[in-house]
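Engineer: curious how this folds, go ahead:
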Amino acid sequence: DPYLTSEYIAHLARHLQGAHDTGFQKLVASCKHFSAYDLENYATGSRKSFDAIVSDQDLVEYYWVPFKACIQRAHVGSMMCSYNSVNGVPSCANSLFQNTIARDEWGFDGFIVSDCTAVISIYSRHNYTNSSTLAVKAAIEGGTDVNCGMAYSEFLASAVNNANVSEKLLDTSAQRVLKSLLQLGRLDPPEDQPYTQLSYKDVDTGYSRQVALEAARQQIVLLQNDGNMLPLSKVNNVAVIGPLANATSRLLSNYEGANEVVDSHSVLQGMQRIVGKEQITYAQGLANVSSTDTSGFQAAAAAAASCEMAVVVIGLDTSQEDEAHDRTKLTLPGAQESLVKAVFGSNPKTIVVLVNGGPLAIESIKSLVPAILEAFYPGQMGGDAIAEVVFGVTNPSGRLPFTVYAEDFVRRKISDMSLRDNGGCTYMHYTGKVLWPFGHGLSYTSFKYTWLNQSASEPVLRSTASVTAAGDLPIQYTVVVQNVGPYQGADSVLGFITAKEQPDAPLKELFDFGRVYLQPLEKATVHLTVSPEVLGLVDKRGVQSVRPGRYEVVIGDLKSSIELNGDAVELFNLPMLKEKHAKASHHT
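Structural biologist: The predicted structure is shown next:
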């Protein structure tokens, strides 16, 4: 979701870089990969040569939205251009994207770095230029300041001497990099820069472990809980089964740092800490997630049969999804589905825990077992968080950040970048069968929504000019959330908006969200704001504007509407920027 990703990155990148209260920036956050980078390594091609064919409408409505937030809200110091081409132009040579849009239109003032070997790939993989020297020229003139790789060191001098690359461009790139070094304090004495004094002991602290645990707790999604099977209480013994039940480092996903903490925080170890080792029976069942060797099934089924409940931990790891490695199907690899069926056959009180990054189409498991938890890759304290949710120490409150499609979604080509064509893609445009929708997530308790003011259910009448004018009051909805169930817990309040009777508009869009933690019977108010950007609709030309018409607002089971009158107010005009870029390029 573009809005959710924008909110995430705006907060993450801003705090990664630091609040500057020391006079220095902590680090340079880099938003990547710009732009429309959606394929790693698949039968249809490699990321280093892939040409993403993307409509102007989809670029403005979807692919560019988080990058705009990176620049205008997070104020990142760096961006990384991607390996792929977009509509025939390699990203690292795309002056329209990097100079005209990112820098001139959005105000980016940091440096752009290439993905590693992406500059030389302009020539060697995309065949966009006739030589390595011209590839370097295209990258420099396209706005790529720093090359990860050897292309600049080997061919930059030739680009200046033989291909008319302006030294003024090199000066500008150098200034951008030097600015970041100054902000980081890299040109100051080390003793004056407080962040250079940090060591591993400052990273692995009691506080940081608690934050990791809390993050893992909050991300776990209760997908299904038929008959209120969860949480487990008054249970004398539990079978813990599966190739990921005692996994440690595999809970970290990839690009992780050195981490010994996770070695004692598997799901099995977390459960043993809560109820005691003597009440847990463990069976691996499968050696790993891709194994088809079923020789461990008998022991797994026996363990399940000997206990009151069974918890099966299955999913993916970096052997299935990783950099330069795309999945070819949405189903579970190996014999994991068969393992769940074998365990369920011995004990119908079986709970499934999923550990994964991308969505898993587990249709037969969904129809078989009563309860399913989605844990994603929960990090160094993830095993403890999962155990807490299973035994009711923590009430799950996560919501799905993506749509879980049915298995046959893979009929759509992975190289198809269109959001609208061929059945659509994302909850904003997909009309086919899903297992669980974007934003889905259950709880052990129940929440009731009411309007703070009952007039909120009546249409909001505004002009297009007023909702886009700076300083005018935004459209805001206030919801009273009450915990009407037996458990304390958190609830994420999601607001969706749909442009009614507008051609080619998304089916719905997330416009804001809030989160509250409530004791039983406790109430709290949540304020959700409709921004002009979310009201703005994008036409096929890439022009975004707030149009007159009716917009339906849905917050849980509450509904309202917005009725805008007046002329359309333009927010972004890609054709105009293309024309501006073409004139500047011709003049140059």
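Engineer: can you list the low-confidence ranges for the chain?
Structural biologist: The model of the chain has pLDDT under 70 over residues 19-20, 43-44, 471, 586-588.
Engineer: tell me where the longest strand sits in it.
Structural biologist: strand 489-500 (DSSP state E).
Engineer: for that strand, packing partners?
Structural biologist: Using 3 or more C-beta pairs under 8 Å, 6 or more residues apart in numbering; DSSP states H and E, the elements in contact with strand 489-500 are strand 475-483, strand 509-518, strand 523-530, strand 549-555. Where you see a C-beta, it was placed from the backbone N, CA and C, and this is true even at glycine.
Engineer: can you name every helix or strand that the longest helix seen in the chain contacts?
Structural biologist: The longest helix of the chain (DSSP state H) is helix 167-184. When contacts are defined as 3+ C-beta pairs under 8 Å, 6+ apart, helix 167-184 packs onto strand 111-114, helix 132-141, helix 151-162.
Engineer: try it again at 10 Å.
Structural biologist: With contacts defined as 3 or more C-beta pairs under 10 Å, 6 or more residues apart in numbering; DSSP states H and E, helix 167-184 has these neighbours: strand 78-81, strand 111-114, helix 132-141, helix 151-162.
Engineer: closest to residue 402 out of the ones you listed?
Structural biologist: When the helices and strands packed on helix 167-184 are compared by C-beta to C-beta, strand 78-81 sits nearest residue 402, at 22.6 Å.
Engineer: helix or strand right after the closest one?
Structural biologist: Going down the chain from strand 78-81, the next helix or strand is strand 85-86, by DSSP states H and E.
Engineer: that next one pairs with which strands, parallel or anti?
Structural biologist: strand 51-52 (parallel), strand 89-90 (antiparallel) (DSSP bridges).
Engineer: any idea which of these is most buried?
Structural biologist: Scoring the strands paired with strand 85-86 by mean neighbour count under mean count of other C-beta atoms under 10 Å gives strand 89-90 as the most buried, with a mean of 24.
Engineer: run the chain-centre distance for that strand.
Structural biologist: 25 Å (C-alpha atoms, centre = their mean, to the nearest Å).
Engineer: what packs against the helix or strand just after that strand?
Structural biologist: Note on strand 89-90: by DSSP H and E, the next helix or strand toward the C-terminus is helix 95. On a contact count with 3+ C-beta pairs under 10 Å, 6+ apart, helix 95 meets helix 132-141, helix 574-587.
Engineer: those helices: which one's closest to residue 7?
Structural biologist: helix 574-587 (23.5 Å).
Engineer: which residues touch that closest one?
Structural biologist: Contacts with helix 574-587, where a contact means C-beta atoms under 10 Å, 6 or more residues apart in numbering, come from 56-57, 59-60, 64, 95-97, 99-101, 104-105, 141, 538-539, 541-544, 570, 573.
Engineer: mind listing what's buried in it?
Structural biologist: 574, 577-578, 581 (16 or more other C-beta atoms under 10 Å).
Engineer: repeat for stretch 201-217
Structural biologist: 204, 212-213, 216-217.
Engineer: so who does the nearest residue to residue 490 once chain neighbours are set aside touch?
Structural biologist: Residue nearest to residue 490 in three dimensions, not counting chain neighbours: residue 397, with 3.8 Å by C-beta to C-beta, 6 or more residues apart in numbering. Contacts for residue 397 (C-beta under 10 Å, 6+ apart) come out as 217-222, 389, 441-445, 489-492, 515-517.
Engineer: how close does residue 397 get to residue 377?
Structural biologist: In this structure, residue 397 and residue 377 are 18 Å apart, going by C-beta to C-beta, to the nearest Å.
Engineer: repeat that for residue 478.
Structural biologist: Residue 478 is 36 Å from residue 377, by C-beta to C-beta.
Engineer: do residue 65 as well
Structural biologist: Distance from residue 65 to residue 377, by C-beta to C-beta: 25 Å.
Engineer: look at the two and report which has more neighbours.
Structural biologist: More neighbours surround residue 377 than the other of residue 65 and residue 377, with 21 against 18 (other C-beta atoms under 10 Å).
Engineer: which residues sit in contact with the residue nearest to the more buried one when sequence neighbours are not counted?
Structural biologist: Distances taken as C-beta to C-beta, 6+ apart place residue 253 nearest to residue 377, at 3.7 Å, with adjacent residues excluded. Residue 253 makes contact with 316-318, 321-322, 355-357, 376-379 under the criterion C-beta under 10 Å, 6+ apart.
Engineer: out of the residues you listed, which is most surrounded?
Structural biologist: Busiest of the contacts of residue 253 [other C-beta under 10 Å] is residue 355, holding 29 neighbours.
Engineer: contacting residues around the residue lying closest to that one once chain neighbours are set aside?
Structural biologist: Of all residues not flanking residue 355 in the chain, residue 315 sits nearest, at 3.8 Å (C-beta to C-beta, 6+ apart). By C-beta under 10 Å, 6+ apart, the contact set of residue 315 is 242-244, 247, 250, 289, 332-333, 336, 352-357, 360, 362, 374-377.
Engineer: next up, phi/psi of residue 315, please.
Structural biologist: With angles defined as degrees, to the nearest 10, residue 315 shows backbone torsions of phi 150, psi -130.
Engineer: ok, now how distant is it from residue 465?
Structural biologist: Distance from residue 315 to residue 465, by C-beta to C-beta: 50 Å.
Engineer: now swap in residue 286 and tell me
Structural biologist: Using C-beta to C-beta, one gets 62 Å for the distance from residue 286 to residue 465.
Engineer: so the two - more neighbours on which side?
Structural biologist: Neighbour count, other C-beta under 10 Å: between residue 286 and residue 465, residue 286 has more, with 25 against 14.
Engineer: close enough to count as contact, residue 188 and residue 22?
Structural biologist: No: counting by C-beta atoms under 10 Å, residue 188 stays clear of residue 22, with 11.3 Å between them.
Engineer: report the buried residues of stretch 253-267.
Structural biologist: 253, 259, 262, 265-267.
Engineer: distance to residue 273 added to the strands paired with strand 85-86, as CSV?
Structural biologist: Shown next, in CSV, are those (distance: least, C-beta to C-beta, whole Å):
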stretch, distance to residue 273
strand 51-52, 47
strand 89-90, 51
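Engineer: residue 385: which of the ones you listed is closest?
Structural biologist: It's strand 51-52; of the strands paired with strand 85-86, that one is closest to residue 385 (C-beta to C-beta) at 36.3 Å.
Engineer: give me the contacts around that closest one.
Structural biologist: 35-39, 45, 59, 63, 82, 84-91, 126, 128, 415-417.
Engineer: what's the PyMOL syntax to select whichever of these are buried?
Structural biologist: Selection of the buried residues among the contacts of strand 51-52 in PyMOL, burial being defined by 16+ other C-beta under 10 Å:
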select buried, resi 35+36+37+38+39+59+63+82+84+85+86+89+90+91+126+128+417
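Engineer: tell me the SS of residue 571?
Structural biologist: strand (DSSP: H, G, I helix; E, B strand; the rest coil).
Engineer: show me what contacts it?
Structural biologist: 60, 468, 532-533, 535-538, 543-546.
Engineer: which members of those are positioned in helices?
Structural biologist: 468, 532-533, 535.
Engineer: so which of those residues is the most crowded?
Structural biologist: residue 535 (25 neighbours).
Engineer: wait, what's in contact with it?
Structural biologist: 462, 464, 467-468, 475, 497, 499, 509, 511, 544-547, 551, 562, 564, 569, 571.
Engineer: again, only this time at 7 Å
Structural biologist: Residues counted as contacts of residue 535 (C-beta atoms under 7 Å, 6 or more residues apart in numbering) are 467, 546, 551.
Engineer: and for residue 9?
Structural biologist: Counting by C-beta under 7 Å, 6+ apart, residue 9 has contacts 31, 66, 69-70, 74.
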